[in-house]
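Visitor: Prediction below, plus the sequence it came from.
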Amino acid sequence: MTMARPAEAGRWPSTLPNDPGVDLSGLTLAERILSVKAGRRVRAGEVVVVPVDQVMMVDSIAPSALRIVEDELGGVIQHPERVSVVVDHVAPASNVEVATTQKRVRTVAKAKGLRLFDVGRGICHQVLMEEGLARPGWVVVGSDSHSTTYGAVCAFGTGMGATDIALAMVAGRTWFRVPETVRVRLTGQRPPDVSAKDVALEIVHRLTADGATYASIEILGAEAFGPGERITLANLAVEAGAKVGLVAPDEELRRRYQVPSWLTVDDAAEVATTIVIDLTQLGPVLSVPFQVDNVQPVREHLGVHVDQVFVGTCTNGRLEDLHQVARVLQGRRVADGTRLLVIPASSQVLQDALADGTIATLVAAGASIGVPGCGPCMGRHMGVLAPGEVCVSTSNRNFMGRMGSPEARIYLASPAVAAATAAAGVVALPDEGVPA
Amino acid sequence: MSESAASSANRVWRFGDAVNTDDILPGKYAPFMVGEDVFQSYAFAHLRPEFAGEVRPGDVLVGGRNWGLGSSREYAPQALKLLGVGAIVARSFARIHYRNLLNLGIPAFTAPGLVDALDDGDRVRLELDRGRIVRFSDDGAEESLALPPVPDFLQEVLSEGSVLAFFKKHGRFPGEAPQDASG
C-alpha cells in the first residue's frame, strides 16, 4: 500500500487562511480554531456549527454510521474525499459476523468514494497522522474516543458516536459547544526514566477522570517531546474527560506542517484552570485497575506476577515505543510464564521496525508480533485475558473486562516498563541507564 | 395509589461513580460482533448480569459521577434504549456519552439531589411531560421528585426527538441559521 508523504518541502501544507478574518485576541487555541471555522468570534459556552475537515470512522462503528446515512439521511455524503474508513478494531476479522459486516463496509466505502484503509494498514489515529489527514487547525471528528490524538498537531480532534459521524458526513459540518480550557503547563527537564506515557498519566491523575469533562486541554511546555510523544500526550486527554487535547504549536510543529500564524497560545486568554506539572518530580508510573486516573508509582507494585505484556495501540504502538522495548530486551528473553505481544500501530511502523532491526530483536527475545491494528485493547481478539490473569499494557484503558474477562487485571504502563516487566515476568523497572 | 399500581410501577437501578462504556456494554459484545438483534442482552453483563433480563421499559437508571466515561460507542446507550430505559439520572455525565444519549433521545438528567434521593429498587413512575419522577412508598404513598429543567439547546433537540430528527426536518442543526443552497 502506498503511503502519502508530505509535500516536497517536507511539510504538510495548510488549507486554512493565514488571515483569520475575525478578532482572535484573548482566545484559547480551541476558541481560535472554532472562531476561524465559524467565521465569527466565539467563546467558551457558545454553541457553534462548523465545517469538518476530516471524518474518520472505524470498522466497529462504520456499519451503523453508514446505515444512518443511507436509511435516514438520503445517502449523499457531501465530501467523500474528507471521509476515511479504517478497518482496525477487529482486523483481520475474528468471526463470520465481523467478516460480513466488514465486507459490507468495504462495498459501501468504494461505492461512495471514501478513503479506505483496510486490514493491516494500522490503527485509525496513527494512519490519519501518517497520511496528513489531520493538520494544525483542522476540525477532525472520529468515531473513536481517542480522536483527541489529532491534538498532537493542534488539530481540533474529538470523538463522537455513530449518529454524529453520520450527520457530519452528510452535512459536512457538525455542532460543538465551545469548550472551556484547562491549561496544563509542563516545566523543568524530564528525567531520563520518565516517558511521555508517564507524563500523560500524571496529567490524568492530576485532573482525574472527569476533571476536564467537556474541556479543551491546552498542553504547554512540550517542546522537548518528539512527534510520537506528543501523540501519546494528546491521545490520553480523553481519559480526563476532555473534548480535545491540544499541544501548543511550536517550531517543531512548524518544521513538519505549515501552521496558520493565528494558531498560537495567547497568554491573555481566559482559561478555567491551569495546572503546572514539574517534570523533574515525576517517575515511572502505572495506572492500576480499574480506573485510568488511579495512577501510582511503579515501585509500589514491583514483583506482581504478570501473565501477558501488550505493547501497542494508538497510545504507544509507534516506532519510538518499539525502540524502547527493543532497547530493554536486547540480548534478553521474555520470562517463562509470561507472554509478550507486540502490535505495531501501523504498516509504516512495522516496515520501519523491520528495516532497522527492531522486529528481529523483539522476535529473538520471544515476542509475538501482531497485525497492525488495535489488537486486544478492547477485548475482542488477538490476546484477550482469562479470569485471574494480569496484563501490563501500553494501552489506554484498564476498565474491568476491557481486555476480556472481568476478573482479569490490567495495569497501564510505558513501553520501557512493559518491556522490563516482560523480561522479569513480574512488574519491574528497566535497569538504570535505559532511558524511557 | 393502590398496591397493584405500585407493583406495576417501574424500578430504579442504582449504580456507583464512573460507570464506563465497557460496563454498559463490553466491547466484545458489540453488535458487529454478536449480531444487531441480540447485543442489548449483554448490557451490564459484567457489572450487573441480571440487569438485561430484569429491566423493564420505563425503568430509571441512577448513576454517580462521570456516567458513561470511555468509548464513543453509541451502541452502549443504544442497548439501553432497546431495553426501554426511560431516563438516566446522574451527578455528571461524560461528554461523548452524553451527546450519544441526546442523539438517541434518551433523557439524561444531571441532578445530584435526585441521585441522593433515589435508592436501588425504588418503585417509581417517570413523568417526563410533568418534569418529575413519582416514587411510591411501601404504604402506597406517592412522593413527587422534580427533574431539573432541560437547557434551551437540548429542549430544541428534544422537541423533535433527536438531533437526527431535527436535522431531517429542518436541514440544519439546532441553533444554526438556515443554510443557503450551497450548504
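Guide: Nice, thanks for sending it over.
Visitor: residue of chain A with the smallest distance to chain B?
Guide: Proximity of chain A to chain B (CB to the nearest CB) peaks at residue A:161, 3.2 Å away. Using the backbone N, CA and C atoms, a C-beta is placed for each residue, glycine as well.
Visitor: can you count the residues close to that residue?
Guide: Residues near residue A:161, counting by other CB atoms under 10 Å in any protein chain shown, number 28.
Visitor: Not counting sequence-adjacent ones, nearest residue to residue B:117?
Guide: Closest residue to residue B:117 in three dimensions, ignoring its sequence neighbours and counting by CB to CB, 6 or more residues apart in numbering or on different chains: residue B:145, at 5.9 Å.
Visitor: is it true that the one you found touches residue B:118?
Guide: Yes - the criterion here is CB atoms under 8 Å, and residue B:145 meets it with residue B:118 at 7.5 Å.
Visitor: So which of the two has more stuff around it?
Guide: Each of residue B:145 and residue B:118 has its neighbours counted (other CB under 10 Å); residue B:118 has more, 21 against 16.
Visitor: residues in contact with the more buried one?
Guide: B:12, B:14, B:60, B:62, B:89, B:124, B:133, B:135, B:145 (CB atoms under 8 Å, 6 or more residues apart in numbering or on different chains).
Visitor: Please name the nearest non-neighbouring residue to the residue of chain A most remote from its centre.
Guide: Farthest-out residue of chain A from its mean C-alpha position, per CA atoms, centre = their mean: residue A:74, at 32.3 Å. Nearest residue to residue A:74 in three dimensions, chain neighbours excluded: residue A:170, at 7.2 Å (CB to CB, 6+ apart).
Visitor: could you point out where the stretch 301-436 of chain A is predicted with low confidence?
Guide: A:433-436 (pLDDT under 70).
Visitor: How about the residues of it by chain B?
Guide: Residues of the stretch 301-436 of chain A lying near chain B by CB under 8 Å from any CB of the partner chain: A:378, A:379, A:380, A:384, A:397, A:399, A:400, A:401, A:402, A:404, A:406.
Visitor: Including distance to residue B:81 and secondary structure, could the residues you listed go into TSV?
Guide: Shown next, in TSV, are those (distance: CB to CB, whole Å; DSSP: H, G, I helix; E, B strand; the rest coil):
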residue	distance to residue B:81	secondary structure
A:378	21	coil
A:379	23	coil
A:380	23	coil
A:384	27	coil
A:397	24	coil
A:399	22	coil
A:400	23	coil
A:401	22	coil
A:402	23	coil
A:404	26	strand
A:406	24	coil
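Visitor: what's the most distant pair in those residues?
Guide: Largest separation among these by CB to CB: A:380 and A:400, giving 15.9 Å.
Visitor: The residue farthest from the centre of chain A against residue A:167, yeah?
Guide: No - taking contacts as CB under 8 Å, residue A:74 lies outside contact range of residue A:167: 11.9 Å.
Visitor: Give me the nearest residue to residue 45, chain neighbours excluded.
Guide: The chain I'm using is chain A. residue A:178 (6.4 Å).
Visitor: that's the wrong chain, I meant chain B
Guide: residue B:26 (5.7 Å).
Visitor: dump the residue contacts of the one you found.
Guide: Contacts of residue B:26 (CB under 8 Å, 6+ apart): A:379, A:401, A:406, B:42, B:45, B:46.
Visitor: For the closest residue to chain A within chain B, give me its contacts.
Guide: Minimum separation of chain B from chain A (CB to the nearest CB) falls at residue B:74, amounting to 3.2 Å. By CB under 8 Å, 6+ apart, residue B:74 lies in contact with A:61, A:64, A:161, A:162, A:163, B:100, B:103, B:104.
Visitor: Helices along chain B, start to end?
Guide: Applying DSSP state H to chain B gives helices spanning B:3-7, B:21-24, B:31-34, B:51-54, B:75-82, B:95-104, B:112-117, B:152-160, B:163-170.
Visitor: likewise chain A?
Guide: Using DSSP H, helices in chain A cover A:29-38, A:62-72, A:96-112, A:124-130, A:162-171, A:196-207, A:227-235, A:251-256, A:313-316, A:319-329, A:347-355, A:358-364, A:415-424.
Visitor: Adding distance to residue A:152 and mean neighbour count as columns, could you present the ones you listed in JSON lines?
Guide: Listed next are the helices of chain A as JSON lines, based on distance: least, CB to CB, whole Å; neighbours: other CB atoms under 10 Å in any protein chain shown:
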{"stretch": "helix A:29-38", "distance to residue A:152": "13", "mean neighbour count": "26"}
{"stretch": "helix A:62-72", "distance to residue A:152": "24", "mean neighbour count": "21"}
{"stretch": "helix A:96-112", "distance to residue A:152": "26", "mean neighbour count": "16"}
{"stretch": "helix A:124-130", "distance to residue A:152": "7", "mean neighbour count": "27"}
{"stretch": "helix A:162-171", "distance to residue A:152": "21", "mean neighbour count": "27"}
{"stretch": "helix A:196-207", "distance to residue A:152": "10", "mean neighbour count": "25"}
{"stretch": "helix A:227-235", "distance to residue A:152": "4", "mean neighbour count": "25"}
{"stretch": "helix A:251-256", "distance to residue A:152": "9", "mean neighbour count": "14"}
{"stretch": "helix A:313-316", "distance to residue A:152": "11", "mean neighbour count": "30"}
{"stretch": "helix A:319-329", "distance to residue A:152": "13", "mean neighbour count": "24"}
{"stretch": "helix A:347-355", "distance to residue A:152": "15", "mean neighbour count": "19"}
{"stretch": "helix A:358-364", "distance to residue A:152": "22", "mean neighbour count": "18"}
{"stretch": "helix A:415-424", "distance to residue A:152": "17", "mean neighbour count": "28"}
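Visitor: picking that back up, which residues are in contact with both of residue B:145 and residue B:118?
Guide: Counting by CB under 8 Å, 6+ apart, the residues touching both residue B:145 and residue B:118 are B:133, B:135.
Visitor: residues in contact with the residue nearest to residue A:317 when sequence neighbours are not counted?
Guide: Once flanking residues are discounted, residue A:317 sits nearest to residue A:345: 3.2 Å by CB to CB, 6+ apart. Contacts for residue A:345 (CB under 8 Å, 6+ apart) come out as A:122, A:123, A:126, A:312, A:313, A:314, A:317, A:318, A:372.
Visitor: Domain map for chain A?
Guide: Split into domains by automatic domain parsing, chain A comes to A:29-279, A:287-424.
Visitor: show me the contacts for residue B:96.
Guide: Contacts of residue B:96 by CB under 8 Å, 6+ apart are A:145, A:158, A:159, A:160, A:161, B:68, B:71, B:72.
Visitor: got any ranges where chain B has weak pLDDT?
Guide: Scanning chain B for pLDDT under 70 picks out the ranges B:1-7, B:179-183.
Visitor: How about the stretch 1-150 of chain A?
Guide: A:1-9.
Visitor: Please list the residues of it that sit near chain B.
Guide: A:47, A:49, A:59-61, A:63-64, A:68, A:72-73, A:78, A:90, A:94-95, A:97-98, A:101, A:142-145, A:147.
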